Each structure stands twice: as structure tokens, then as C-alpha cells.
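Kindly generate the corresponding structure for this input.
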Amino acid sequence: MNSIKIHFLGASGTVTGSKFYLETPELNLMIDCGMFQGLKELRQLNWSTLPIDASKIDMVLLTHGHLDHTGYLPRLLKEGFKGKIIGTAPTLAVTRIILLDSAKIHEEEAEQANKEGYSKHNPALPFYTIKEAERTLDLFQSKEKDEWITLSEHIRFKYRYNGHIIGATFIELEIYGKLFVFSGDIGRLHDDLLDAPMRPKYADYLFVESTYGNKLHPKEDVESILSGLIKTTIHERGNLIIPSFAVERLQSLMYLLWQMYKKNKIPNIPVFIDSPMGNNVLSIFEQFPHWHKLPMNEYHAMCNHFNIITSYADTWKTIDDPRPKIVIAGSGMVTGGRVLTYLKQLIDVASTSVLLVGFQAEGTRGRQLLEGAHELKLFGKYHPVKAKIHHLESLSAHADQSELLDWMKDVDNIPETVFLIHGEPTSLDAFSVKIKDVYGWKVHIPKLNEVRGILI
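From the prediction side, this is the model:
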């Protein structure tokens, strides 16, 4: 008998902060290494040292590049990690962009907090610096999908295509003949830019994300809704602000608006793309054409159609531009990035519309707007919300309950345990009941920092 310990260090009882640490007799592995986002008590966990010895981790396997799956990596190095960080080539390219951009934002926010004195900490410190992020990149090692990678005598793994964002995979990890499947974030069955996710065929232990475990995405006429919002924006001579995740969502929105313009469904309204990270991710689509469905001629025509902002000075020029316009800016849950500057200036203007296009975690400004907040705290000050708030849930890059169940349907055996992760409590509970009803499988919802021993 061999003993394996699984530490649920994040995305357990909550959506963000994905970190799963596996102690085995041969290697110690971490699956993903993300930051907590949202509620203050979750964000504060980022500053706590992990309840494990980071120097004993041999490698980190990344499912994809999003911040809540990769954003803790520079801190892991500060805690003593010296191993390899493994992902697909596009995942590592995305992670590089996200870590460097995140570090820049951390430094800028700390500098601004110290300058304006709105932090309780004196001095306010960045969560990590650009130099610390750069040191993390030296440990990157890319691997191909669909190939077994041997890590030690009795441990090997395989990456499998998962939709969601470019480069994203789920992980099949074989330890002493038992198969541990980590879903990562599962994409949609029908996506304009990405293929449908592959499905696991076998799993002894299945770790499944549950972001939308209690919901079905609505059947929305996205083009009609967008067209209506754009016509209203033109009529009111206002601004349509779309906070967007820089990876995949921004590119999907660009593609959607570009197709609508080509089909004469919307007029030639100026569209500004203000996301340095998103602009960099666009180049990844060009670098890895086999990981998405967008033909390169369409890609170039699409990019030429938009006003892509590269400097912060142009952000202010865009705000001062009196024309009706669309602004797509990071971040998707309004937690940071350029969109905060636009909202600071325009959230209290009645002709402004804000369109939320993805999951809004508890404790984020996006969730506050979604739930009807009358004011929003930006850069230490409260601003009245007079803008109209809209939500398009069907543009989410996460599978809904039906698609999650579909992703599991090809598993031939009965898993010993299904662990539900990466979801808020109501979603986890509802999805647990659904899996038991549909498949009759044993389900467990781990708590944060729970340690589970498995004998194999």
C-alpha cells in the first residue's frame, strides 16, 4: 500500500485560489497555484504563508493561465519553491503575460496607495514585484498535450484539451496505477473561437470545477441584446463600458462585434480595446493557430477594425472623446486594471451603460454592480452608480451544469470519489445532488485546507 495526501489549499468552498498539493512517496506535486480574489477574507489569505513546506514541492502542473490558477506562483518562490512549473506552451505564454501584468498592477496600486494615503498599511507593499514575477518565468517548462509525460517510476501525467481559454487543459495524473483527473476550468460545448472540450474516459478520483454547478446559461440572443445596447448608447451619446477578462473573453467579444459589423447588424461605432494584457494575449492567438478556430486572415482584419490602446495617456484621451463609443477594458470582475479609470470618471453618468459578460465572484465590484450597488469604491473613494448595469451570462467561458455533466458522461468506470471544487457553496451543494441523481457517484465537497489521505 502507498499513501497519498491531498491538501486542498484553494478553490475549496470558494471559486478562486486554485491550489491542490499532492504528497506521494516519489514526488510532491501541486496542481495549479492561483490567487484568491473577491471577498476580503479570501484576499487576505493570499498574504498568509501556505500550511505546507513549499521547498518540498517538486513541480507545479498548470491547467491554464488564469490568475486564479497561476497568480500565487511568485509568492510560492518566496516561500522556497525551486522546482519546475509545467504547462502547455500557450498556457505558459498566457501565464507569463498575466504574472508580469499582475505584478505591474500590484506595484502601481501600492505606489498610489502610499501617495494618496488610503491604505491601512504603512507602507503599502505590492503582493509581488515585477522582478519576482520574472524569476518565476525561469522555472517554466512546456509540454505537449495528448502525450504521457513520465515524472518518476510510478507517476506520469497527460494534458488534454479543455476549451475555456487558449492553452487550457484538464490533467490526467496516474499515480501507482490510479488515475487522478483534475478538470481545471471546463469550456463551453459551442464557442466561437475554441473547440469543444475533450472528455475523460476513466477516473479513479475526479476533481471537478463547479463554477456554474447550479445554473444553466440562458438562451440569450446575444447579437440582439448587444445591438440594442449599442443603439441606445448612440442615441444617448453615451459610453458602453464592457469590463472583460483579458484572456479569451476579450478576443471573443472582438470577434462577435467584428462579425456583427460585417453583417451590418451594428453601425461603425468606435470600439476601444484598453487592456495591455488582452493586447498581448491577441499575439498568442497568432503564435498558436492550432489551439483555436480563428483563421489568420480574419484575425488580422478583426484587429485592424478596432482602436487598440497601448498607453495610459490614450486611456484619458478616450475618456475625453465626446463621441458615443464602446470601451472594452480589463478586468472582468472589475477588481483592477484600466476599467477602474473609466468607471471612476463615468459610473456616475446616466448615459453610461456597463455590460458584465462573465462570472462575478463574491466580494468583487462586478458582483456588487450585478446586485444593484448604489455606490462603488474606486481608488479609496465612493462614487454613486448612475450608469445602467447589464449582464450577459451566456458569454461565459465556463461550462454550465448541463455541460459539466456532459463532460463527465464518457467516464466508463465508477470513480471512487468525485471532489467538487472551484465553486461557491450553493453551486457546490446543488451540483453534488445532481451528480448523485444522474450518475450515482460518491461526491465530497472539501473544505479549505482540508487534508485527505488515500491508500493505493
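
List the contacts of stretch 304-320.
By CB atoms under 8 Å, 6 or more residues apart in numbering, the surrounding residues in contact with stretch 304-320 are 254, 258, 261, 270-274, 276, 279, 325, 327, 338, 341-342, 345-346. The C-beta positions use only the backbone N, C-alpha and C, and glycine is treated the same way.

list the buried ones in it?
F306, I308, I309, T315, T318, I319 (16 or more other CB atoms under 10 Å).

Which segments of the chain make up each domain?
Taking automatic domain parsing as the criterion, the chain consists of the domains 3-215+401-455, 222-395.

got the ones you listed as TSV, with mean pLDDT columns?
Formatted as TSV, the domains of the chain follow (pLDDT from 0 to 100):
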stretch	mean pLDDT
domain 3-215+401-455	95
domain 222-395	93
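
The buried residues of stretch 304-320 in strands, which ones?
I308 (DSSP state E).

which one of the buried residues of stretch 304-320 is nearest I4?
Taking CB to CB as the measure, I4 lies nearest I308 of these, at 47.5 Å.

which ones are touching S12?
S12 makes contact with I421, P446, K447, L448, N449, E450 under the criterion CB under 8 Å, 6+ apart.

Give me the phi and psi for the first one.
The one in question is I421. Reported as degrees, to the nearest 10, the phi and psi values for I421 are phi -130, psi 170.

Next: the fourth one.
According to degrees, to the nearest 10, the main-chain angles of L448 amount to phi -60, psi 130.

Could you look up the SS state of the closest residue to it other than its chain neighbours?
Excluding the flanking residues, the one nearest L448 by CB to CB, 6 or more residues apart in numbering is S12, at 4.7 Å. For S12, the assignment made with DSSP: H, G, I helix; E, B strand; the rest coil gives coil.

All further residue positions should be reported with the first residue as 555.
That works, and once the first residue is 555, the last one we named lands at S566.

Just want to check the distance between S566 and I1008.
16 Å (CB to CB, to the nearest Å).

before we move on, what about L693?
28 Å.

burial count for T683?
Neighbour count for T683, taken as other CB atoms under 10 Å: 16.

Ok, V972 next?
V972: 24 neighbours (other CB under 10 Å).

same question, M887
Residues lying near M887 (other CB under 10 Å) number 26.

Over to it. Which of the three states is it?
coil.

residues in contact with it?
Counting by CB under 8 Å, 6+ apart, M887 has contacts Q591, G592, P797, F799, G912, F913, Q914, A915, T918, R919, G920, R921.

Contacts only, for the fifth one.
Okay, so that is G912. S798, F799, R803, G886, M887, L949, S950, A951, H952.

can you do 7 Å?
F799, R803, G886, L949, S950, A951 (CB atoms under 7 Å, 6 or more residues apart in numbering).

Contact partners for the residue nearest to L693 when sequence neighbours are not counted?
In this structure, L693 finds its nearest non-sequential neighbour in I639, 4.6 Å apart by CB to CB, 6+ apart. Neighbour list for I639: V614, L616, L627, L693, F694, Q695 [criterion: CB under 7 Å, 6+ apart].

D586 is in contact with the second one, correct?
Yes. With the criterion set as CB atoms under 7 Å, L616 and D586 qualify as a contacting pair; they are 6.0 Å apart.

which element is the residue nearest to F694 when sequence neighbours are not counted on?
In space, and not counting its chain neighbours, F694 is closest to L646: 4.8 Å by CB to CB, 6+ apart. Following DSSP states H and E, one finds L646 within helix 643-670.

separation between the residue nearest the centre of the chain and H976?
Using CA atoms, centre = their mean, the residue of the chain that lies closest to the mean C-alpha position is H620, 4.0 Å off. Computed with CB to CB, the distance linking H620 and H976 is 11 Å.

And for P849?
33 Å.

quick one, which of these two is more surrounded?
H976 (29 against 10).

Return the closest of the contacts of M887 with respect to S837.
Among these, F799 lies closest to S837 (CB to CB), at 16.8 Å.

just checking, the closest one touches V888?
No. Using CB under 7 Å, F799 is not in contact with V888; the gap is 11.0 Å.

what do those two both touch?
Common neighbours of F799 and V888 (CB under 7 Å, 6+ apart) do not exist.

now what about stretch 917-927, what contacts it?
If you take CB under 7 Å, 6+ apart as the criterion, stretch 917-927 is touched by 591-594, 596, 797, 887-889, 908, 910, 914-915, 930, 939, 943, 945.

from those residues, which ones fall inside helices?
K594, L596 (DSSP state H).

So which of the contacts of M887 are in strands?
P797.

and the contacts of M887 as JSON lines, adding distance to T603?
JSON lines is the format used below for these (distance: CB to CB, whole Å):
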{"residue": "Q591", "distance to T603": "19"}
{"residue": "G592", "distance to T603": "21"}
{"residue": "P797", "distance to T603": "32"}
{"residue": "F799", "distance to T603": "29"}
{"residue": "G912", "distance to T603": "31"}
{"residue": "F913", "distance to T603": "29"}
{"residue": "Q914", "distance to T603": "29"}
{"residue": "A915", "distance to T603": "23"}
{"residue": "T918", "distance to T603": "25"}
{"residue": "R919", "distance to T603": "28"}
{"residue": "G920", "distance to T603": "29"}
{"residue": "R921", "distance to T603": "28"}
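
Which one of the contacts of M887 sits in the busiest neighbourhood?
P797 (31 neighbours).

If we ignore the residues flanking it in sequence, what's nearest that one?
Closest to P797 by CB to CB, 6+ apart is V893, at 4.5 Å.

Does that neighbour touch S885 like I think?
Yes. Applying CB under 7 Å as the test, V893 and S885 come out as touching, 6.3 Å apart.

shared neighbours of these two, which are they?
Residues within reach of V893 and of S885 at once, by CB under 7 Å, 6+ apart, are P797.

what about the residue nearest to F694, distance to F842?
Taking CB to CB, one finds L646 at 11 Å from F842.
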